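A.B. asks: I would like the atomic coordinates for the input below:
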Amino acid sequence: MTILSVLTGCQSLPPIQTVPQVDLPRFMGQWYVIAAIPTFIEKAPYNPIEEYKANTDGSIATTFSFHQGGFNGPFKIYHPTGFVVPDSGNAEWKMQFVWPFKSEYLIVYLSDDYQHTIIARNKRDYVWLMSRSPNMDTQTYNDLVAKIKAMGYDISKLRVFPHDHANKK
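C.D. replies: A predicted model of the protein is given here:
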């Protein structure tokens, strides 16, 4: 191992910039997870959907659901809670699956029409590309993947998740 590779490996990437402002009521609702560098719970998800609802206490009730391993596979559902970080323009959240642990959740891209979003983490370990529709045209997908790559992610780890919502609730 050379000195250069040791030094390069020690450099950290700059923090990922969030969008300046998120209109929370507009962001709430259903998002189809089109692609991700997935967490351990997202093993072979089919029809993955993330849904957000504002709680009266300011937290975000989140429902993440999918079928495991196939369109007719076992249905999985998780209910983490999101906590908006004050003074972040509503673009930085802490997501809690298990008390007392909270994970970073950064809204780093949001289309003007609130149809597409990218959720990232400064560790560059996980990322989610989501849409209001289960289908995304190739050009939009490629543009968003380019944004993910520009943030310093290894896009070879990005997995496209299959969606077929015909005859599904």
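
A.B. asks: where does this protein dip in pLDDT?
C.D. replies: Across the chain, the ranges flagged by pLDDT under 70 are 1-11, 166-169.

A.B. asks: give the bridge partners for residue 46, please.
C.D. replies: residue 67 (DSSP bridges).

A.B. asks: for residue 36, same thing?
C.D. replies: Residues in a beta bridge with residue 36, per DSSP bridges, are residue 128, residue 159.

A.B. asks: pull out the buried positions in stretch 48-57.
C.D. replies: Neighbour counts over stretch 48-57 (16 or more other C-beta atoms under 10 Å) mark 48, 49, 50, 52 as buried. (C-beta placed from N, C-alpha, C; glycine too.)

A.B. asks: closest to residue 13 out of those residues?
C.D. replies: residue 50 (25.1 Å; C-beta to C-beta).

A.B. asks: list the contacts of the closest one.
C.D. replies: By C-beta atoms under 8 Å, 6 or more residues apart in numbering, the contact set of residue 50 is 30, 31, 33, 62, 63, 64, 128, 130.

A.B. asks: secondary structure element for the closest residue to it other than its chain neighbours?
C.D. replies: What sits nearest to residue 50 in space, not counting adjacent residues and going by C-beta to C-beta, 6 or more residues apart in numbering, is residue 31, at 4.8 Å. When elements are assigned from DSSP states H and E, residue 31 belongs to strand 29-37.

A.B. asks: could I get the CA-only coordinates of stretch 59-68 as CSV?
C.D. replies: Only the C-alpha atoms of stretch 59-68 are listed here, as CSV (Å, rounded to 0.1, in the frame of the first residue of the first chain):
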residue,chain,number,x,y,z
SER,A,59,-43.1,14.1,14.3
ILE,A,60,-43.6,12.2,11.1
ALA,A,61,-45.4,8.8,11.2
THR,A,62,-43.7,6.7,8.5
THR,A,63,-44.8,3.5,7.0
PHE,A,64,-42.4,1.5,4.9
SER,A,65,-44.0,-1.5,3.2
PHE,A,66,-43.0,-4.0,0.5
HIS,A,67,-43.3,-7.7,-0.5
GLN,A,68,-40.2,-9.7,0.3
